[in-house]
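In: Output the structure for:
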Amino acid sequence: MRKDYFIFGGIDSRKYQVVRYGDQLANPPERDRDFVSVPGRNGDVIVDNGRYNNKIVPYKAYIINKYNSNITGLRNDLLSFTDYQRLEDSINPDQFRMAVAIPFEVDEHGILRAGEFEIKFNCKPQRFLKSGEQKIEVTAATTLYNEYSETALPLIRAYGTGSFSIGGVAIQITAANGYTDIDCELMEAYKDTLATDCNANIVLTNGKFPSLKNGANQITISGLTKLEITPRWWIV
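Out: Numbering: from 1, shown residues only. Coordinates of the predicted model:
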């Protein structure tokens, strides 16, 4: 019998003899939209807020033995996090989500040796692809193709000073201590960690951070030694 598992925040469910079962359908998250009623007009006006809502993802599982002690230990570990953590499993080995565990009850009856239960995670809408964690090195003008329908917000490490553009969105780096990390999702510039703020060292020529839209994205580079682009491909 196949024994699947999950890993959340570095915690492997196999540590507590927890086995996940069932191939969960990857239903897409809801689009964030407002439906506005207009007097004298039939039907609501739809206002699309340009984003997806979080999604509750349930994991059905069972514990092989020592149910009470193992599920208590698992619950304590999962609920020890207060922010989003990486969630991956053996059923979808090429993907991961960012999630928070939802509190769940445990059976306190000491006679239980094994049992089934369900864990639910409050997940960001993206199913990130592990292939999108691979760095792409750029030293000259090139084209980076996004084969997925969703726009990716990359992490870019730029070496030296100079400028670059992706899809016509340009950034100039006026000062750097070796390299600058530019997080297009957080819209922050730093070196290694957010604590090392480098926002004063970049100029957004049109006030926007670059993104990787579906299809071909033209990249130019000037003055910089190279770029390392982590594309962060994702699907819903």
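In: For burial, what's the neighbour tally of Tyr220?
Out: For the record, residue 220 is Thr, not Tyr. Using other CB atoms under 10 Å, Thr220 has 14 neighbouring residues. Bear in mind the C-beta positions are built from the backbone N, C-alpha and C, glycine included.
In: SS state for it?
Out: State at Thr220, reduced to three classes by DSSP: H, G, I helix; E, B strand; the rest coil: strand.
In: bridging residues for it?
Out: Ser165 (DSSP bridges).
In: any idea how far it is from Tyr179?
Out: Remark: distance between Thr220 and Tyr179 (CB to CB, to the nearest Å) = 18 Å.
In: next one: Arg51
Out: Applying CB to CB to Arg51 and Tyr179 gives a distance of 31 Å.
In: if you count what's nearby, which of those two comes out ahead?
Out: Tyr179 (20 against 10).
In: What sits closest to the more buried one if chain neighbours are left out?
Out: Tyr159 (4.7 Å; CB to CB, 6 or more residues apart in numbering).
In: May I have the residues that are in contact with the one you found?
Out: 176, 178-179, 224-228 (CB atoms under 8 Å, 6 or more residues apart in numbering).
In: ok, 7 Å please
Out: Applying CB atoms under 7 Å, 6 or more residues apart in numbering to Tyr159 gives the contacts 179, 224-226.
In: so what's it bridging to?
Out: Applying DSSP bridges, one finds that Tyr159 bridges with Tyr179, Lys226.
In: now it: how far from Val19?
Out: In terms of CB to CB, Tyr159 sits 46 Å off from Val19.
In: Repeat that for Thr180.
Out: 45 Å.
In: do Asn65 as well
Out: 11 Å.
In: quick one on the thing from earlier: so for Thr180 and Val19, which sits in the more crowded spot?
Out: Thr180 (25 against 18).
In: isn't the more buried one right up against Asn199?
Out: No: look at Thr180 against Asn199 with CB atoms under 7 Å: they stay out of range, at 9.9 Å.
In: joint contacts of the two?
Out: Ala189.
In: wait, what's in contact with Gly160?
Out: Counted by CB under 7 Å, 6+ apart, Gly160 has contacts 176, 223-225.
In: So which of those residues belong to helices?
Out: The members of the contacts of Gly160 all map outside helices under DSSP state H.
In: possible to save the residues you listed as TSV with pLDDT, distance to Ala170 and neighbour count?
Out: Output for these, formatted as TSV (pLDDT from 0 to 100; distance: CB to CB, whole Å; neighbours: other CB atoms under 10 Å):
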residue	pLDDT	distance to Ala170	neighbour count
Ala176	96	16	19
Gly223	97	12	12
Leu224	98	12	19
Thr225	97	18	14
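In: so which of the residues you listed would you say is closest to Phe35?
Out: Nearest to Phe35 among the contacts of Gly160 is Leu224, at 46.4 Å by CB to CB.
In: circling back to that earlier point, return the member of the contacts of Tyr159 nearest to Arg75.
Out: Tyr179 (41.4 Å).
In: Wait, the closest one touches Ile156, no?
Out: No: checked against CB under 7 Å, the pair Tyr179 and Ile156 is beyond contact range at 10.0 Å.
In: all helices for this structure, in order.
Out: Under DSSP H, the chain gives helices at 67-78.
In: shaky segments in it?
Out: 1, 23-26, 106-114 (pLDDT under 70).
In: Name the residue most distant from the centre of this protein?
Out: Within the chain, Gly40 marks the point farthest from the mean C-alpha position, 42.7 Å out by CA atoms, centre = their mean.
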